[in-house]
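J.: Return a 3D structure for these sequence lines:
(chains A and B)
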Amino acid sequence: MIRKWIGVTLLGVISTMGLVGCGGATGEDYDLVIWEDQDKGIGIKEAVANFEELHDVKIKVEEKAYTNQIEDIRLDGPAGIGPDILTIPADQIGTAKVEGLLKELYVDDSVKGLYTQTAMQSQIIDGQVFGLPKAVETLILFYNKDLISEEELPETIDEWYETSLQYREDDLYGLLALWDQIYYAFGLISPYGGYIFDYDTSSGYDVSRIGLNNDGAIEAMSYLQQFYGSGAFPAGIIGEQGIDMLEALFIEGQAAAVISGPWNLEPFQSAGINYGVAPLPLLNNGERMSSFNNVKGYSISSFTENADLAEKLLLFITNEENSRIRYVETLEVPAVQSLAEDEALMQDEGAKAVAVQSIYSVMMPNIPEMSEVWTPVDAALQTIANGRAEPIDALNEAVEQIARQIEVNHTSQQ
Amino acid sequence: MEDNLKNNESKTNHRKMALCLSIIPGLGQFYNRQWIKGIVYFIFASAFIFSFNELISSYLWGLFTLGTEAPRDNSIYLLAEGIIAIIVIGFASGIYYLNLKDAYSNGKRRDQQQPLTTLREQYFNLVDQGYPYVISGPSFLLLVFAVIYPILFSFAIAFTNYNLYHSPPANLISWVGLATFRDIFLVDVWRSTFFSVLSWTVVWTVVASTLQISIGIFLAVVVHQKDLKFKKFIRTVLVLPWAVPGFVTILVFAGLFNDSFGAINNSILAFLGISPIPWLTKETWTRIALLLMQGWLGYPYIFIVTTGVLQSIPDDLYEAASIDGASTVTKFRKITLPLLLLSIAPIIITQYTFNFNNFNIIYLFNGGGPAVPSSTAGGTDILVSWIYSLTMESSQFALAAALTILLSIFVIGIALWQFRKTKSFEEA
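T.: Predicted structure coming up:
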């Protein structure tokens, strides 16, 4: 008896399961889908509404963390549920292009000329354009106004070194920076003549020529060693946990200044620090400390079904007017050249510092081989900071390792 | 009885006839005059062929060629669909086999002049004996698609050249057979990395597991002594390392072992007057730290299990041994240890296989680092964490899949050998 009932129930359940597969989700039909960065949808809301009216189309804006959109589009794109336009950081463009995830754009020089040269270059690989810049981010100097006033702010790095030693006597810290990581140390390596991959505007990056162990790089790292050796930097600032220590010291008011990025504008403010921002200091050879230019851009997915419309939308949301509106809403510094002098931008200290520093910033190589650089060179810089190796030996070894990794993972696979 | 059979065999050969006819499902049953069953099988088979014919043949084409034109053909999708086709064919073959078996066994019954089972009888048979199969059917289906299918997929990837430069939709991947496996042993960099990672994995497994087992057994025996007071309290304290989630513990240890500001270098070693040890930047020290940590994390489980087993060893054995004049060590070696190992042998084996694939501790402590010049993997990378970084950071999917297969062969082989060995131990 029981068995009969179980059998009937089972039959019912299985047939219901079969029916479930029948109904399809029929949502509204959108002409275009945009994947915007997390919490930044408000920046393009107005632009999207204007476009919808102008062309009588429906556009959907979805928000996803911009660093992971490439992973999502790998799966969603071929399945047909991907976006038409997505937000992607410039250093992922190389990888995305090799995999065929982005559609090539054909834009004329007038459009290219809207943006700063570094920002536009970051979207170009082998002469092909794969996106348009949306926002730029670069390292800036945060200083605690309660510990050091704007007038007292040292101009050169030597002055910062002296100031830091003075602060150490009061058991505080002067300038703190994560110079055991290439992302920050590049600020000194580049103006002294070092580089990651040799770059030529016509032929692009030459991965066989790595400039991390040339004279300039060695000179830069030798100069930085004194910060660690003299105790101007705490011991714990080296390594993976260094960034936590750096931010903790600044938030607790124990450090006069730190070199960090715009991602800390909000957190430092919430922590109640009375801080000011400035571009990075000058170096001993008279040049300003450099930094990597992080460009976030909009690109068109290669799986789009509305390529023409998507391209029109892309040009629309990245034009001057809409870039300005986007800045006002999201406070992300745009890449448009003319906006660098814009009033709204000039009023916000953080944006102004980023805009000024961007002029001295260098494009991060956007090729896939770049992923092989980070680990070996960071390990080398760490041994230099620890005093366990001489700059020349550590950097030579790092370059050897990078070259070998590139050979194994990239050149031999193509 | 045998004569009877032999007689029957020479007279008719229904079973062979039924079997041959059953190549077309249903005909065998018709031959045996089981009409309804025959119709069912026939309809089922024709429906299968009609509806799935094109789909399966196109999926199989995709599987063999992995696409001929990018970007129209997405090789990975073709591979996935191809494997589904294989699984469906597998199910269909199962039912086809049932059909053949049914026709053969009914033909045999006719040969032996036995009455054929009626439909009613067969139905009741099915419900009676097939009941457990029906109930576990859905979960078996789920198992096939959620466990077996991904395993087949990564197995297949190992025989392709799927990596960053051969990834859809811009490129096609192709079957390269054993080329990836060959490369592991022929290309200098991969070979040296593979063997250094393998040797460290083996050393790690053996030393870490043995350490935690020894500590666990030792402590259990010590705490088990009759004269010890506060047994419950001591046991509770000794089990605490197991109580805190390993994840959290490992991260805390990573902070404690930090070269520059960790408590071990700054407080403990400074107190003892020893200069700071580069725990995280020199691979020898990182390895030692990992072994100590695993010993600490792993012993409570063995401790508890051993305590349980110790309580089941009868006291008279020990008394008899004392009368014979055995020392404590001899008692341990001759009485406790053999009985203990016999009981917890499977658990000991699982400790070894657990540590062989102990991804958490390696990855959370120092990410498999520090970097060493002679290999592309980190200094403390074990096989499984190296496979992880190959997949996530270098996009070398085919290589990672090939290494996974090698790793699985190794683990399964050792586990099988261990199980066999302990069985013979039992018989002795």
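
J.: Every contact and neighbour count from this point should use C-alpha atoms.
T.: Fine.

J.: quick one: low-confidence parts of the chain?
T.: Because you didn't say which chain, this covers chain A. A:1-3, A:7, A:10, A:16-28 (pLDDT under 70).

J.: oops, chain B please
T.: Using pLDDT under 70, chain B drops low at B:1-11, B:422-428.

J.: and A:Tyr143, what helix or strand is that in?
T.: Per DSSP states H and E: A:Tyr143 is located in strand A:140-144.

J.: Check which helices and strands that strand sits against.
T.: strand A:255-260, strand A:275-278, helix A:349-359 (3 or more CA pairs under 8 Å, 6 or more residues apart in numbering or on different chains; DSSP states H and E).

J.: Kindly recompute the last result at 10 Å.
T.: Using 3 or more CA pairs under 10 Å, 6 or more residues apart in numbering or on different chains; DSSP states H and E as the contact test, the elements touching strand A:140-144 are strand A:173-176, helix A:242-251, strand A:255-260, strand A:275-278, helix A:349-359.

J.: out of everything not next to it in sequence, what's closest to A:Ala403?
T.: A:Ser208 (7.2 Å; CA to CA, 6 or more residues apart in numbering or on different chains).

J.: who touches whatever helix or strand the one you found lives in?
T.: Here A:Ser208 sits within strand A:204-210, counting by DSSP H and E. Residues outside strand A:204-210 that contact it (CA atoms under 10 Å, 6 or more residues apart in numbering or on different chains) are A:124-127, A:194-200, A:365-367, A:369-370, A:373, A:399-400, A:402-403, A:406-407, A:411.

J.: With just CA atoms, put that strand into PDB.
T.: Taking only C-alpha atoms (Å, rounded to 0.1, in the frame of the first residue of the first chain), the coordinates of strand A:204-210 have been written out as PDB:
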ATOM      1  CA  GLY A 204      54.500  48.000 -29.300                       C
ATOM      2  CA  TYR A 205      56.100  46.100 -26.500                       C
ATOM      3  CA  ASP A 206      59.200  44.000 -27.000                       C
ATOM      4  CA  VAL A 207      59.000  41.300 -24.400                       C
ATOM      5  CA  SER A 208      62.600  40.200 -25.000                       C
ATOM      6  CA  ARG A 209      63.900  43.500 -23.700                       C
ATOM      7  CA  ILE A 210      63.200  43.900 -20.000                       C
END
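
J.: Pull out the buried residues from it.
T.: Buried positions in strand A:204-210, judged by neighbour count with 16 or more other CA atoms under 10 Å in any protein chain shown: A:204-205, A:207, A:210.

J.: Tell me the one among those residues nearest to chain B.
T.: For the buried residues of strand A:204-210, the minimum distance to chain B (CA to the nearest CA) is 15.9 Å, reached by A:Val207.

J.: contacting residues for A:Ala87?
T.: Just so we're on the same page, residue A:87 is Thr rather than Ala. A:Thr87 neighbours (CA under 10 Å, 6+ apart): A:34-38, A:63-70, A:131-134, A:296-300.

J.: Confirm that it sits in a strand.
T.: Yes. Judged by DSSP: H, G, I helix; E, B strand; the rest coil, A:Thr87 forms part of a strand.

J.: neighbours around B:Pro132, how many?
T.: Using other CA atoms under 10 Å in any protein chain shown, the number of residues around B:Pro132 comes to 10.

J.: before we move on, what SS does it have?
T.: Per three-state DSSP, B:Pro132 ends up helix.

J.: Distance check, it against chain A.
T.: 11 Å (CA to the nearest CA, to the nearest Å).

J.: State which one residue of chain A is found closest to chain B.
T.: Closest point on chain A to chain B, by CA to the nearest CA, is A:Gly100, at 4.2 Å.

J.: which of the residues in stretch B:269-280 are buried?
T.: B:276-280.

J.: Not counting sequence-adjacent ones, nearest residue to the residue in the stretch 51-200 of chain B positioned nearest to chain A?
T.: Distances between the stretch 51-200 of chain B and chain A by CA to the nearest CA are smallest at B:Ala170, namely 4.2 Å. Computed as CA to CA, 6+ apart, the closest residue to B:Ala170 that is not its neighbour in sequence is A:Gly100, at 4.2 Å.

J.: and if you look at B:Ala402?
T.: In space, B:Ala402 is closest to B:Ala158, 4.5 Å off (CA to CA, 6+ apart).

J.: what residues are up against that neighbour?
T.: Listed by CA under 10 Å, 6+ apart, the contact set of B:Ala158 reads B:175-181, B:397-405.

J.: Kind regards, and thank you for your time.
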